[in-house]
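Student: next come a sequence and a model predicted from it.
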Amino acid sequence: MSALLIILLFSSCAEAQAIQNKYTRADTLRGSITPEREWWDVTHYDLAVSIEPDKEFISGVNTVSYEVLKPNQTLQIDLQKPMKLIRAAQDGKTLSFTNEGAAHFITLLKKQKKGAKNTLELTFEGIPVVGARLPWDGGWTWQEDANGKTFAANANQGIGPSIWWPNKDIPYDEVSGLDLHLTVPKGLMAIGNGKLVDSTSTNETTTYNWTVKNPINSYAVSADVADYAHFSETYTGEKGVLDLNYYVLKENLEKAKKQFKQVPMMLKAFEHWFGPYPFYEDGYKLVEVPYLGMEHQSNVTYGNRYENGYLGRDLSGSGWGLKFDFIIIHESGHEWFANNITNKDVADMWVHEGFTAYSENLYVDYYFGKEASAEYVIGTRFAISNDRPIIGTYGVDQEGSGDMYYKGANILHTLRQLIEDNEKWRQILRGLNTEFYHQTVTSAQVENYISKESGINLTQFWDQYLRTILIPELQYKIKENTLEFRYVDIVEGFDMPVQVNVNGIEKWITPTAEWQSESFEKTITDFKVDPDFYIESRETK
């Protein structure tokens, strides 16, 4: 083990301990499967919300359906201040509850029996937190369109959906379906997840009734409010006809009709790589909002100014990032990785963001070729900081490093090289979306699946790239016609093969922590490491 490796590991351990020490009781209540959560399985939400934009005020009732997994009498529901839980009731009877921060502990009238299926009615109201910089900080935003009409929405992946409505706010437990009733002032539309069932109006308000037939994570529940223009089309894909609906500000209708032509292109590419769109029964929507965008299931939100790139910029610096609208492609990629396959603990959020950042590369691959896609993903490496591991701390609602995006993408790009079979790699990606269809998972499950299906023992590979900040460095010496090489800054047992070019000829070598040598017929005048592998390289004396 090199001195540098010892120092880095020590620093990582010290940093991990410092991070661990900063966690609070509130972090544990938010991020762990507490005794008040583990005994019941949430199965359905019937969420009715009244939205009053002039007051930035919301109120409503969430009827929670659940199944009892083991006897208990106290359950945890989460709702963050300044929102207030006004009443909890079961079978028409008011229940008592206490709260510890956002965690509300509701005492049921009697101990629940295993296998029982019950409902709980939660009444709430308040002025939800306003997000200063959605979608990163989370909350609601209240804006106006060009005509002075309400333009409002929410995004809450990090801060949690309990920022505006009461629910079991932890990703491991998903409902199997959702009914969402959104009431807004007349003249506005309220867009939710799933399909629109109907709408009903009074003299002053309109209620839009949406239904979701597939499992959905609570963070993906969205409400978007504006005086929208609507247009639609259908896409014939791997599971038949998929309804595509678009809701945009009226002043942007013509721009949207042009820019959103990328949606069917996205679906064609991603169904090729990942398998069928996971929510045919609920359709696909792209909805304009007053922030950049978010992967709300079957209700992808959009604010990329109707231009290619990321707000007009190429995040890869390769030029290929200007060939597509980043938000349409990236946020839609989350329908497969985040909404179909969802992390049980946000510590494993790289499963969402790594695979979805990689989906950008695969979109480029589908339409512009493998070389272009390699240039794109390699170009994103400049954004990798290796500040801390991309897997976070479990049980305390703590994500890993932001490197989960493009370090994650480059890890997967490297894996593709190791597998050396494009079709096999495609079937692994599709297989993930079949094996874990509509499920919550751990990183370990994903790691083990890919290891098994690839036929490669990837234990040290995953540990190296996911659980340390160390990037393998290939050290090499050239002595006439002999190449000497080894890895440094690696975990014990790391021996990833890598492709190199010697005198214009491609060759595989398998470095380890020990020096090895290989001789060639001619003096070595040119040596390069294939840039498709996410490693460093350095010639030594």
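Tutor: Everything's here; your move.

Student: next one: phi and psi at residue 479?
Tutor: Dihedral angles of residue 479 (phi, psi; degrees, to the nearest 10) stand at phi -130, psi 90.

Student: quick one: end-to-end distance for stretch 123-140.
Tutor: Stretch 123-140 has an end-to-end distance of 19 Å (Cα to Cα, to the nearest Å).

Student: for that stretch, which outside residues touch it?
Tutor: The contact list for stretch 123-140 (Cβ atoms under 8 Å, 6 or more residues apart in numbering) reads 55-62, 79-80, 82-89, 141-142, 152-160, 163-166, 290-294. C-betas here are computed from N, CA, C, even on glycine.

Student: okay, now the domains of the protein?
Tutor: 37-222, 263-281+291-470, 473-539 (automatic domain parsing).

Student: can you tell which of those is closest to residue 251?
Tutor: Ranking the domains of the chain by distance to residue 251, with Cβ to Cβ as the measure, places domain 37-222 first at 4.8 Å.

Student: quick one: secondary structure of residue 30?
Tutor: Using DSSP: H, G, I helix; E, B strand; the rest coil, the structure places residue 30 in helix.

Student: just the pLDDT for the closest residue to it other than its chain neighbours.
Tutor: Excluding the flanking residues, the one nearest residue 30 by Cβ to Cβ, 6 or more residues apart in numbering is residue 397, at 4.4 Å. We have a pLDDT of 96 for residue 397.

Student: what's the answer for residue 55, then?
Tutor: With respect to pLDDT, residue 55 scores 98.

Student: what is the neighbour count of it?
Tutor: When neighbours are counted by other Cβ atoms under 10 Å, residue 55 registers 9.

Student: give me the distance between residue 24 and residue 56.
Tutor: 29 Å (Cβ to Cβ, to the nearest Å).

Student: circling back: most packed of the domains of the chain?
Tutor: Most buried of those by mean neighbour count (mean count of other Cβ atoms under 10 Å) is domain 263-281+291-470; its value is a mean of 20.

Student: quick one: the helices in the stretch 301-450 of the chain?
Tutor: Using DSSP state H, counting those that start in this stretch, the helices of the stretch 301-450 of the chain run over 326-333, 350-368, 370-379, 406-419, 422-435, 443-454.

Student: nearest approach to residue 239 belongs to which of those?
Tutor: Checking the helices of the stretch 301-450 of the chain against residue 239 by Cβ to Cβ gives helix 422-435 as the closest, at 12.2 Å.

Student: next one: that closest one to chain centre, how far?
Tutor: 19 Å (Cα atoms, centre = their mean, to the nearest Å).

Student: hmm, who's touching that helix?
Tutor: Helix 422-435 is touched from outside by 272-275, 278, 336, 340-341, 370, 415-416, 419, 446, 449-450, 453-454, with contacts defined as Cβ under 8 Å, 6+ apart.

Student: hang on, the earlier thing: distance to residue 241 added to the domains of the chain, as JSON lines?
Tutor: Listed next are the domains of the chain as JSON lines, based on distance: least, Cβ to Cβ, whole Å:
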{"stretch": "domain 37-222", "distance to residue 241": "13"}
{"stretch": "domain 263-281+291-470", "distance to residue 241": "8"}
{"stretch": "domain 473-539", "distance to residue 241": "38"}
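
Student: among the ones you listed, which comes closest to residue 250?
Tutor: domain 37-222 (7.6 Å).
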